[in-house]
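S.K.: model this:
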Amino acid sequence: LRIYAYCLMTNHVHLLIYDNDQDISKFMQGLSLSYVIYFNKKYGRTGHLFQDRFTSVIMKNDMQLIYVSRYIHLNPVRANMVDRASEYRWSSYSAYKTGNDKRNIIDCAFLLGYFSTHINEAKYLYRKYINNSMNDVMVEEIATTEEDGALINKKRVGLERATQQEIYKVLESIWHENVEELMYVRKAEDNHQRMIVVFLVGLLGRKSYSDVARLIHVSINEVYKVIRKIVELMVANNSFKDEVDQLISLEWNKK
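M.R.: Next comes the predicted model:
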């Protein structure tokens, strides 16, 4: 298995794991048992340590995977235990700051690879992503977890069921432009309409960054930049946010 992120809190632990087609239950059983033995011996106690069986959630796409790593690393901040993720000792965040884990527990390269192919730039962008104050907005607009997504799923269910061609057809009727041609002009993060296309196609079936990049002929890095930029615009520009909300709310696949 591979562990991408972890955070040990006072009464629970978060783990972001790639199971590699292994039995995750056996892994968790072994991890729990060995940790209980270690903990009881260190603190002179006996008996059970964990109250309930672990709960697992499958990541649906790249966007959710990246966000969940952030959610895990920011747990101590949300609990008001520290002011910044870097101040907490019992998480994998320190490994992401350096780009490697000397204890060989965390696979940092995989997640950092979404931010840049250059390690120093990737570390910088990931730190910026973790420390970005727009976390709540990212949750609301991209809906990456089961609980957060349930709040706005009704609003965008039509979009998720639409096809890429249907999305293009609706946008063309609104903008009076050929969307396919539009996607070949300049970089998406420099163009208002192209940013919206990237964002909407990303919501289509909750596509991964790589799927979006392939569908609309841009790089994965460009998709990441667009998602980040559009969330920033939603915070700073109410009219832009209203425009995106209205587009998401359309009856996309109405026959």
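S.K.: tell me which residue lies farthest from the centre of the protein.
M.R.: Relative to the mean C-alpha coordinate of the chain, counting by C-alpha atoms, centre = their mean, the farthest residue is G44 (39.8 Å).
S.K.: would you list the phi and psi of that one?
M.R.: According to degrees, to the nearest 10, the main-chain angles of G44 amount to phi 60, psi 40.
S.K.: do A5 as well
M.R.: The phi and psi values for A5, taken as degrees, to the nearest 10, are phi -160, psi 150.
S.K.: strands along the protein, start to end?
M.R.: Along the chain, the stretches classed as strands by DSSP state E are 2-8, 13-18.
S.K.: select, out of these, the one closest to R214.
M.R.: Closest approach to R214 among the strands of the chain (C-beta to C-beta): strand 13-18, 21.9 Å. (Glycine included, C-beta is placed from N, CA and C.)
S.K.: list the contacts of that closest one.
M.R.: 1-7, 24, 27, 65, 68-69, 71-72, 75, 107, 110 (C-beta atoms under 8 Å, 6 or more residues apart in numbering).
S.K.: recalculate using a threshold of 10 Å.
M.R.: Outside of strand 13-18, the residues within contact range by C-beta atoms under 10 Å, 6 or more residues apart in numbering are 1-8, 24, 27-28, 31-32, 35, 50, 54, 56, 59, 65, 68-69, 71-73, 75, 90-92, 106-107, 110-111.
S.K.: and the longest helix anywhere in the chain, which residues are buried?
M.R.: For the chain, the helix that runs over the most residues, judged by DSSP state H, is helix 24-43. The neighbour-count check on helix 24-43 (16 or more other C-beta atoms under 10 Å) flags I24, F27, M28, L31, S32, V36 as buried.
S.K.: now render those as a markdown table, adding distance to Q246.
M.R.: Output for the buried residues of helix 24-43, formatted as a markdown table (distance: C-beta to C-beta, whole Å):
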| residue | distance to Q246 |
| --- | --- |
| I24 | 41 |
| F27 | 45 |
| M28 | 44 |
| L31 | 47 |
| S32 | 48 |
| V36 | 53 |
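S.K.: just the closest of the residues you listed to V170, please.
M.R.: The nearest one, if we look at those relative to V170 and count by C-beta to C-beta, is I24, at 40.9 Å.
S.K.: measure the nearest residue to the closest one once chain neighbours are set aside to G47 for me?
M.R.: Of all residues not flanking I24 in the chain, S56 sits nearest, at 6.4 Å (C-beta to C-beta, 6 or more residues apart in numbering). Separation of S56 from G47 (C-beta to C-beta, to the nearest Å) stands at 25 Å.
S.K.: what do you get for E172?
M.R.: 66 Å.
S.K.: before we move on, back to that, what subset of the contacts of strand 13-18 is buried?
M.R.: Members of the contacts of strand 13-18 classed as buried by 16+ other C-beta under 10 Å are 3-8, 24, 27-28, 31-32, 59, 65, 68-69, 71-73, 75, 91-92, 106-107, 111.
S.K.: hang on, isn't V197 packed against V179?
M.R.: Yes - shown here, V197 and V179 form a contact pair, counting by C-beta atoms under 10 Å, at 6.2 Å.
S.K.: settle it for me: which of these two has more neighbours?
M.R.: The residue with more neighbours, out of V197 and V179 and counting by other C-beta atoms under 10 Å, is V197; that gives 25 against 20.
S.K.: could you give the average pLDDT over stretch 4-13?
M.R.: Here the mean pLDDT over stretch 4-13 is 91, rounded to a whole number.
S.K.: an error on my part: the question was meant for stretch 99-113.
M.R.: Averaged over stretch 99-113, pLDDT sits at 85.
S.K.: again, but for stretch 50-60
M.R.: If you average the pLDDT over stretch 50-60, you get 80.
S.K.: contacts only, for I130.
M.R.: Shown here is I130, whose contacts under the criterion C-beta under 10 Å, 6+ apart are S69, R70, H73, L74, V77, R84, A85, S86, Y93, Y96, K97.
S.K.: sounds good, over and out.
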